[in-house]
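>>> got a predicted model here, sequence first, then my questions.
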Number of protein chains: 2
Amino acid sequence: MLRKIFLKYLPNPSKEKFLVGVSGGKDSMALLDLFYSEGFQVEVAHANFQLRGEEANLDEQLVHTYCRVKNIPFHVKRFDTKKHAKESKTSTQMAARELRYQWFYQLLAQRNLTAVALAHHRRDNIETLFLNITKGTGPKGLQGIPPRGENIIRPILEATPEQILQYLEENKIPWREDQSNSETYYQRNKIRHLVLPLLKEINPGLEDTFLQNLERFRNLNLIFQEAHREFESQIHNYTIPDSLIQSTKGIALHLEVYLKPFGFTYSDITQMLEISESGKKLISSTHWLIKNQKGWTLLPVPEKTEIDVEIPEPGNYQVGELKLCIQQIDNKDLNFKDKHTAYFDPELIHWPLRIRNKKEGDRFTPFGMKGSKLVSDFLKDEKIAWEERVRQLVLEDQKKILWVVGLRTSDLCKVNPSLTHAIEIRIISD
Amino acid sequence: MLRKIFLKYLPNPSKEKFLVGVSGGKDSMALLDLFYSEGFQVEVAHANFQLRGEEANLDEQLVHTYCRVKNIPFHVKRFDTKKHAKESKTSTQMAARELRYQWFYQLLAQRNLTAVALAHHRRDNIETLFLNITKGTGPKGLQGIPPRGENIIRPILEATPEQILQYLEENKIPWREDQSNSETYYQRNKIRHLVLPLLKEINPGLEDTFLQNLERFRNLNLIFQEAHREFESQIHNYTIPDSLIQSTKGIALHLEVYLKPFGFTYSDITQMLEISESGKKLISSTHWLIKNQKGWTLLPVPEKTEIDVEIPEPGNYQVGELKLCIQQIDNKDLNFKDKHTAYFDPELIHWPLRIRNKKEGDRFTPFGMKGSKLVSDFLKDEKIAWEERVRQLVLEDQKKILWVVGLRTSDLCKVNPSLTHAIEIRIISD
């Protein structure tokens, strides 16, 4: 039965050569033996994560012996998984997974092999589906473990663990019990030993039902992917048009899938669909999503140097990549044409000054106006691009914002023509 | 919180008038009170299925009292559920469901109401999703309980049972414990009390995760439905073109959904996709699906009267709706032009004869040919329509088929010109 499933997946030994990932456990030993006994050309990759001491070495030895006897090229690599996990700030389990796949793909390239063959089976697949649903999933996770991935094949994905065990016994294939103790392992055990038996009381044919479910969900994902490609084809310059949002069925799902790589989540999408007012924005760790007249535009969070420098008295200051030159000058030397230079009434400035990034809620009284205004509104009205706005600097004294740097001074400390002197502040970029 | 969920669903009392289905249990009493306290115009429908004797009457009384006090029109109907279940050969539970919905829709029409409001909540929905997946589902079942159906609204579908209980306690609303003991009730209890707690150990935020899952799956279903409408729009005259099958992503799912109402199942579709040979067919209880040059054509199973009549000797016989007249005639009276009349050599016929529907494997030697041929192949070659073929009658004697009725006699018993007599058999339709 296992052989039949295998041969349905891989009808005949082609000229393709596969890399079989073999841990030494039941599933991968059966898969390896199928490849070998059906005359396929394979090489074997065994990853030793060095997480279980002597046990891991015995696993390695078992696989190595099998390969030596059958004359199958055997690759082994020992990983310092814990160190890698620490370095890349991830779980041991994720690190092991990452290291393993990286190495597999390396071997494919080096040895000129077609694909990695992995020994996932039907129960793995059902468990994965349940874990995905339990942890929250969309169309992709609903398919469980796909039968084929990029350079990955899973020839016995339809087989049950019972069929695999039967094959091992009938063919006297050695194997070693998996000794994993990862978190997923515990979660899978819970699903396998506690949840699935309960569901089997409701539907005794659960395994077959799930084979059908998974097949349907795979097709459903294909259908979704096609609709999603069509959706994405209508997004240009990272702007999602309002018209597209209004006319697309199941829009929230398309938006979630499209925006996920940019760091936006389900609840961002929910918010997004309730906003119609231009100028609103949603923020992820890497991107902004800004509502404008046409729709929603994605922008990378502008790089912004944190600036906050105190200026106790006139003089020259280095502020990030800028130079600030502050001096008292004669009123007759004023040159209002240079936007990088501003002039103030010395008597209306309360030292020390401070130059910093603008922040939420900053207000000032723009030159020529009576009332105060939010700096953010001022910037919008001046049609300053979003990526510029976030980097905007303001100069303040002890009481007020003196200058939205490079754009507009405050009306509250403008040069007094009856005085002979003014404070000149110049910004010079390197 | 419950009120907030309700008002998010139904922002303000419109002129629409709803029918609230109220069992007297927690959920429906809370829903009814929300409608009432928010000033909506409603009427109440309480179905008494008479399955739980006095308990059911106490439920009815509770709802009736609430309505009388608040001056809400109250409709009650007592059903003989067990009798109905027996009559329509269904489970008590399905019968109750059917009776209830039938009556609700009747009331909507009679009382000129907009929709039935039902009190399903979030846990019902999660349980339904789990039951659907456990029993096998496609895109429709993945959505769980839809927030809106045809003339159905579910204003508190997002609420948790805890929120409902809190509402009842805070507002001192009376309710009675549901005493259902249906099969689904046991299955739901298993999911609720045994399965979900296990999954919560994996994901403590399970309820919220599922609210998101269900929302995604609803959108996924909308996306599928749109693709499916496009798919169906390319099917004309019940023929699914091969080109459509080859070019459609996730085709098996589209075929399954399209063909389900015609009685075909998942495994029929699997078979179908492996067949490329014209003339093959799949059979459901109501339909045939026939592979031809262009694709697959759906046909209702032709109505066919079972015919199997023995004819011991010449004479007149009633055969279904046909009359059969058999007599010996003079050879000079032969009239080969009438296809409803056939002639045979009396010496080559072995009485008694038998007229019956053709069956699988029938062979005969067509007039003018040497070898024998499958009757089914003969009919195909004669380009007889499928629906005719299934009804085709054959006349046989003790040894062979004499006549594919109305089409061709056997070469093995053709009239012998050296004899003076022949057997004439005429078919006369009423």
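Great, that's in hand.
>>> hey, let's count contacts and neighbours off CA atoms from now on
Fine.
>>> quick one, domains of chain A?
Listed by automatic domain parsing, the domain ranges of chain A are A:2-217, A:238-300, A:308-429.
>>> which residues sit against the strand or helix carrying residue A:257?
In this assignment (DSSP states H and E), residue A:257 forms part of helix A:251-259. The contact list for helix A:251-259 (Cα atoms under 8 Å, 6 or more residues apart in numbering or on different chains) reads A:138, A:228, A:231-232, A:245, A:264-266, A:269-270, A:273, B:216, B:219-220.
>>> quick check on these: which are buried?
The neighbour-count test (16 or more other Cα atoms under 10 Å in any protein chain shown) applied to those identifies A:138, A:228, A:231, A:245, A:264, A:266, A:269, B:216, B:219-220 as buried.
>>> and of the residues you listed, the nearest to residue B:73?
Nearest to residue B:73 among those is residue B:219, at 37.0 Å by Cα to Cα.
>>> go through the helix or strand of chain A with the lowest mean pLDDT and flag the buried ones.
Averaged element by element with mean pLDDT, DSSP states H and E, chain A has its least confident helix or strand at helix A:386-389 (a mean of 76). Across helix A:386-389, burial judged by 16+ other Cα under 10 Å covers A:386, A:389.
>>> which is the next helix or strand following it?
Downstream of helix A:386-389, the next assigned helix or strand under DSSP H and E is strand A:393-396.
>>> and that following strand, what does it pack onto?
With contacts taken as 3 or more Cα pairs under 8 Å, 6 or more residues apart in numbering or on different chains; DSSP states H and E, strand A:393-396 sits against strand A:353-357, strand A:401-404.
>>> tell me the most buried of those?
strand A:401-404 (a mean of 26; mean count of other Cα atoms under 10 Å in any protein chain shown).
>>> rewinding a little: next one: the least confident helix or strand of chain A to chain centre, how far?
Remark: helix A:386-389 is offset 24 Å from the chain centroid, using Cα atoms, centre = their mean, to the nearest Å.
>>> can I get that helix in PDB, CA atoms only?
Provided in PDB are the C-alpha atoms of helix A:386-389 (Å, rounded to 0.1, in the frame of the first residue of the first chain):
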ATOM      1  CA  TRP A 386       5.100  62.000   4.100                       C
ATOM      2  CA  GLU A 387       8.600  60.700   4.200                       C
ATOM      3  CA  GLU A 388       9.900  64.300   4.700                       C
ATOM      4  CA  ARG A 389       7.300  65.100   7.300                       C
END
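>>> which helices and strands does that helix pack with?
The helices and strands touching helix A:386-389, judged by 3+ Cα pairs under 8 Å, 6+ apart, number zero.
>>> now do that helix: everything it contacts.
Contacts with helix A:386-389, where a contact means Cα under 8 Å, 6+ apart, come from A:299, A:301-302, A:376, A:379.
>>> restricted to strands, list those.
Among the contacts of helix A:386-389, the members found in strands (DSSP state E) are residue A:299.
>>> so which of the contacts of helix A:386-389 is the closest to chain B?
residue A:299 (25.5 Å; Cα to the nearest Cα).
>>> related to what we said a few turns ago, just the buried subset of the contacts of helix A:386-389, please.
With neighbours counted by 16+ other Cα under 10 Å, the contacts of helix A:386-389 contain buried members at A:299, A:301, A:376, A:379.
>>> same list (the residues you listed) but as CSV, adding distance to residue A:364.
Below are the buried ones among the contacts of helix A:386-389 laid out as CSV (distance: Cα to Cα, whole Å):
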residue, distance to residue A:364
A:299, 27
A:301, 25
A:376, 10
A:379, 12
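>>> excluding chain neighbours, what is closest to residue A:140?
Spatial nearest neighbour of residue A:140, chain neighbours left out: residue A:221 (6.1 Å); criterion: Cα to Cα, 6 or more residues apart in numbering or on different chains.
>>> tilt between the helix or strand the one you found falls within and helix B:206-232?
Using DSSP H and E, residue A:221 maps to helix A:206-232. Between helix A:206-232 and helix B:206-232, the angle comes out at 70 degrees (axes from the mean of the first three to the mean of the last three Cα atoms, to 10 degrees).
>>> helices or strands up against helix A:206-232?
The contact analysis (3+ Cα pairs under 8 Å, 6+ apart) places helix A:206-232 against helix A:122-135, helix A:139-142, helix A:251-259, helix B:122-135, helix B:206-232, helix B:251-259.
>>> so the third one versus helix B:206-232, what angle?
Right, the one you point to is helix A:251-259. Computed with the same axes, to 10 degrees, the direction of helix A:251-259 lies at 100 degrees from that of helix B:206-232.
>>> with only the CA atoms kept, save helix A:251-259 in PDB.
This file holds the C-alpha atoms of helix A:251-259, laid out as PDB (Å, rounded to 0.1, in the frame of the first residue of the first chain):
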ATOM      1  CA  ILE A 251     -11.500  42.300   0.200                       C
ATOM      2  CA  ALA A 252     -10.400  41.900   3.800                       C
ATOM      3  CA  LEU A 253      -8.700  38.700   3.000                       C
ATOM      4  CA  HIS A 254      -6.900  40.000   0.000                       C
ATOM      5  CA  LEU A 255      -5.700  43.100   2.000                       C
ATOM      6  CA  GLU A 256      -4.500  40.900   4.800                       C
ATOM      7  CA  VAL A 257      -2.500  38.700   2.500                       C
ATOM      8  CA  TYR A 258      -1.200  41.600   0.500                       C
ATOM      9  CA  LEU A 259      -0.200  43.700   3.500                       C
END
